[in-house]
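Asker: Output the structure for:
(one chain, ligands or ions: 1)
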Amino acid sequence: MDSVRDITKVRALFPGAERSTYMDVAVRGLLSSVVRAAVDEYLDAHMSGEWDKGQMLASVESAREAFANLVNAEPDEIAITKNASEGLNAIAASLPWGRGDNVVFCPELEHPNNVYPWLNLKGRYGIEVRTVEPRDGHIPSDEIAAAMDDRTRLVTVPTISFSPGFITEVRPIADACRRSGAFFLVDAAQSVGVVHTDVEAMGIDGLAAATQKGLLAFYGTGFLYCRREWAERIRPAYLARFGVALGGDSHETAMDREKLQLAAGARRFDLGNYNYLGVTAAKASLEFLLGLGVQRIEPYVRSLAARLAGGMLELGLPVAGGEPGPHLGHIVAVGESGGGRHYTADDPRMNRLYEHLVGNRVRLAIRRGILRFSLHVYNNEADVDRVLGLTSDWLASSTAEGS
Ligand SMILES: Cc1ncc(COP(=O)(O)O)c(C=O)c1O
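Answerer: All right, here's what the predicted structure looks like:
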């Protein structure tokens, strides 16, 4: 595949970017014509009966390698999963837990899929769930570190929260985990593909992601990174043929019933047949993103987000986190946090602004009661200015109506 090198020409590969002003990658990303072509090829091969399993398994390896490159890991440190929650659960279910061990996290800023696994362990093994409150929408890294003790087995955070979408300062947490020997697990569902997520630089031991958001592919495929030193000490809770080292080219039926040799590194978390269609899409999209370079995508998208946040503030609207700063990635949250509410804002004005934008073909979401705009490489300044213009018109007309 020829990769497009000029970031401003990328938009042409995403027809959906012209149909609406698409600011909803935090739900799911737009599909590119690059991914569409790879999927068509897969479907043609399947329909014609020329589908080749060897080739498909090679695709799985290419996707694994591409994801490893994306997060700065080795391919053996990557398992193929269905989604982010499967990766998180694979670690939760496989670490050896003892009664009285604890897990530290900030549930208020977690997606429920990174809360349930820990509540489940509480019920199954009597582990203590130690929770920390957010600070103005941020994960308080210092308080997370302070909540740890010698029974802390795992600490988990989102690299970027789903709402209000701030970037987590992970390094101090990683350092605290390193000092105490706890596993540092991140839910990277919102960051991978948009905001550079480097497991080495960030000191991450485990990372779970799915491909439908910033990776711009389908639901039903995901990746789990597990640092080799950890993975090789872990016996996976589930095991099937792709998690077993059969040796050389041995066929899966060449099973040694006496000696069970787990596959190297995180490969032991692979199970049976893969979602080959999902992997085909992920491979094409990952290669496309790697061709562009997330190190180039990130500053581009963050500058668009800063333009949007700054513009909303100038219009007098409340932007979570205030002025653009290190917390601001690709998600701009507008409104006052509505706590537990999901799909509607507490502030009726914000619900009306949402309706106005949606009515004018802007795609965005409401999460935890705030308007959530989320951007990717297919967005441009004209998108941002269009949303600001629509917002400004709406403010003018609602002020006139109110007066
Ligand atoms: C932070 C975060 N984690 C996880 C998910 C979804 O998890 P899964 O891929 O398992 O459906 C989402 C969004 O849907 C999310 O925003």
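
Asker: Pull out the buried residues from stretch 296-306.
Answerer: 297-298, 300-302, 304-306 (16 or more other Cβ atoms under 10 Å). Quick note: C-beta positions are derived from backbone N, CA and C, even for glycine.

Asker: Can you flag which of those belong to helices?
Answerer: 297-298, 300-302, 304-306 (DSSP state H).

Asker: Could you single out the nearest of those residues to residue 368?
Answerer: residue 305 (18.1 Å; Cβ to Cβ).

Asker: Just to check, the closest one is in contact with residue 375?
Answerer: Yes - contact status for residue 305 versus residue 375: in contact at 5.7 Å, counting by Cβ atoms under 8 Å.

Asker: who touches both of the two?
Answerer: 330-332 (Cβ atoms under 8 Å, 6 or more residues apart in numbering).

Asker: looking at those, which has the most residues close by?
Answerer: residue 331 (33 neighbours; other Cβ atoms under 10 Å).

Asker: wait, isn't it in contact with residue 308?
Answerer: No - counting by Cβ under 8 Å, residue 331 stays clear of residue 308, with 10.0 Å between them.

Asker: Which residues are in contact with each of these two?
Answerer: The contact sets of residue 331 and residue 308 overlap at 373, 375 (Cβ under 8 Å, 6+ apart).

Asker: low-scoring stretches of this structure, by residue?
Answerer: 1-5, 248-252, 337-346, 402-403 (pLDDT under 70).

Asker: 50 instead, please
Answerer: 1-2, 340-341, 403 (pLDDT under 50).

Asker: so what are the domain limits for it?
Answerer: Domain assignment for the chain by automatic domain parsing gives 7-23+294-402, 35-290.

Asker: so which of those gets nearest residue 29?
Answerer: Once these are compared by Cβ to Cβ, domain 35-290 is nearest, at 4.0 Å.

Asker: ok, back up a step: biggest separation within the buried residues of stretch 296-306, which pair?
Answerer: Within these, two members stand farthest from each other by Cβ to Cβ: 297 and 306, at 14.8 Å.

Asker: Pick out the residue nearest the middle of the protein.
Answerer: residue 189 (1.3 Å; Cα atoms, centre = their mean).

Asker: before we move on, the earlier item: now distance to residue 393 too, for the ones in helices among the buried residues of stretch 296-306, in CSV please.
Answerer: Converted to CSV, those look like this (distance: Cβ to Cβ, whole Å):
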residue, distance to residue 393
297, 31
298, 31
300, 27
301, 25
302, 26
304, 21
305, 22
306, 22
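
Asker: Tally up the residues packed near the residue lying closest to residue 238 once chain neighbours are set aside, please.
Answerer: With sequence-adjacent residues excluded and distances taken as Cβ to Cβ, 6 or more residues apart in numbering, residue 238 is closest to residue 271, at 6.0 Å. Using other Cβ under 10 Å, residue 271 has 19 other residues around it.

Asker: For the residue of the stretch 301-403 of the chain at minimum distance from the ligand, give its distance to residue 118.
Answerer: Proximity to the ligand, evaluated over the stretch 301-403 of the chain using Cβ to the nearest ligand atom, is greatest for residue 367 at 8.4 Å. Residue 367 sits 21 Å away from residue 118, going by Cβ to Cβ, to the nearest Å.

Asker: picking that back up, can you get me a residue count around the residue of the stretch 301-403 of the chain closest to the ligand?
Answerer: By other Cβ under 10 Å, neighbour count at residue 367 equals 25.

Asker: Just to be sure, residue 154 is in a strand?
Answerer: Yes - under DSSP: H, G, I helix; E, B strand; the rest coil, residue 154 sits within a strand.

Asker: where does the residue lying closest to it once chain neighbours are set aside fall, phi/psi-wise?
Answerer: The shortest distance from residue 154 to any non-neighbouring residue, by Cβ to Cβ, 6+ apart, is to residue 183 (4.4 Å). Dihedral angles phi and psi of residue 183 (degrees, to the nearest 10) take the values phi -80, psi 130.

Asker: Alright, that wraps it up for me.
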